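Engineer: Got a predicted structure plus its sequence, pasted below:
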Amino acid sequence: MRVIKNARLRTVLRYLVPFVLIPAVIAAGIWFIEQKYHIFITIAVLMLSLLLFLCGFERRVVGVRRQVIVAVMVALSVAGRFIPFFKPITALTTITGMYLGGEAAFLVGALSAVISNFFYGQGPWTPFQMLAWGLIGLFAGFLAPLLKKSRVALLLFGVLSGVAYSAMMDIWTAISGEGFSLPVYLAALVTAIPHTVMYAVSNVIFLLLCARPFGNKLERVKKKYGV
């Protein structure tokens with residue numbers, strides 16, 4: 001898998017793709033494309049997530065070993081989504097960001113949403129899930145030195161991630177009616193408080209249980225195979 005060679009272009013795309021292009025594609029899908037064609041928006045977001053993944057590497061070729069590690073994290077996230085009530089996707093995406101970089105974590109979050117929704121149901125909400133989990137992983141990559149150093153910061157990040165994920169999905173809830181309005185969005189936020197608390201608690205539990213052992217394993221793999 002070829003990577004983008006131009007360093008300046010990689011830097012621009014690292015910010016342009018997740019913060020401008022993907023939100024713009026999702027917005028275009030909401031306002032200009034019928035909901036029955038939502039799969040095309042999902043595919044477009046997935047392609048942009050792959051582009052962002054390629055921007056995370058400076059070598060000419062992205063090694064198969066790195067891709068395998070990302071695939072394993074995606075598989076674990078998808079399988080974990082079948083756990084009742086508590087979902088580890090956010091935690092595993094965060095851990096990926098901490099140890100493999102934000103671009104890889106964005107792809108893990110986006111792929112986990114798409115693949116698991118083949119079982120839970122695809123829909124116009126899928127791109128919102130892809131963006132929400134992807135951004136959580138991306139920010140985990142940005143904050144990796146702090147999150148590795150401070151357990152308190154890591155757990156706080158888990159709480160904020162739960163709140164952020166719920167808040168972003170409530171945007172879809174508000175839009176899915178007759179169009180976005182602030183009162184409807186605020187009502188959705190209030191109604192979703194129990195789910196938001198569950199997301200936050202789930203993230204804290206999984207980060208407490210998994211961050212250190214998963215992190216140690218990923219560090220060993222990176223050193224052993226030169227990933």
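Structural biologist: Received, thanks.

Engineer: quick one, helices of the protein?
Structural biologist: 7-16, 22-32, 38-54, 64-80, 89-100, 102-120, 126-142, 144-149, 151-175, 182-191, 193-225 (DSSP state H).

Engineer: from the chain's centre, how far out does the first one sit?
Structural biologist: Same thing as helix 7-16. Chain-centre distance of helix 7-16: 19 Å, with C-alpha atoms, centre = their mean, to the nearest Å.

Engineer: any idea of the angle it forms with helix 126-142?
Structural biologist: Orientation check (axes from the mean of the first three to the mean of the last three C-alpha atoms, to 10 degrees): helix 7-16 against helix 126-142 gives 120 degrees.

Engineer: Could you do the longest one as well?
Structural biologist: For helix 193-225 against helix 126-142, the angle by the same axes, to 10 degrees is 50 degrees.

Engineer: Would you mark the buried spots in helix 193-225?
Structural biologist: Within helix 193-225, the residues that qualify as buried by neighbour count (16 or more other C-beta atoms under 10 Å) are 196, 198-200, 202-204, 206-207, 210-211, 214, 218, 221. Heads up, the C-betas are built off the backbone N, CA and C, glycines and all.

Engineer: ok, now the third one?
Structural biologist: Applying a neighbour-count criterion of 16+ other C-beta under 10 Å, one finds 38, 41-42, 44-46, 48-54 buried in helix 38-54.

Engineer: and what of the second one?
Structural biologist: Of the residues in helix 22-32, those buried under the neighbour-count criterion (16+ other C-beta under 10 Å) are 22, 25-26, 29-30.

Engineer: would you turn these into JSON lines with pLDDT and distance to Ile171?
Structural biologist: JSON lines is the format used below for those (pLDDT from 0 to 100; distance: C-beta to C-beta, whole Å):
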{"residue": "Ile22", "pLDDT": "97", "distance to Ile171": "14"}
{"residue": "Val25", "pLDDT": "95", "distance to Ile171": "15"}
{"residue": "Ile26", "pLDDT": "94", "distance to Ile171": "10"}
{"residue": "Gly29", "pLDDT": "88", "distance to Ile171": "13"}
{"residue": "Ile30", "pLDDT": "84", "distance to Ile171": "10"}
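
Engineer: From those, pick the one nearest Leu146.
Structural biologist: Nearest to Leu146 among the buried residues of helix 22-32: Ile22, at 25.0 Å, using C-beta to C-beta.

Engineer: what's that closest one in contact with, if anything?
Structural biologist: Residues near Ile22 by C-beta atoms under 8 Å, 6 or more residues apart in numbering: 45, 48-49, 127, 131, 134.

Engineer: got it, and Pro23?
Structural biologist: With C-beta under 8 Å, 6+ apart, Pro23 has these contacts: Leu131.

Engineer: go with 10 Å
Structural biologist: Neighbour list for Pro23: 17, 45, 127, 131, 135 [criterion: C-beta atoms under 10 Å, 6 or more residues apart in numbering].

Engineer: tell me which residues of the lowest-mean-pLDDT helix or strand in the chain are tucked away?
Structural biologist: Using mean pLDDT, DSSP states H and E, helix 7-16 stands out as the lowest-scoring helix or strand of the chain, at a mean of 87. Within helix 7-16, the residues that count as buried by 16+ other C-beta under 10 Å are 10, 13-14, 16.
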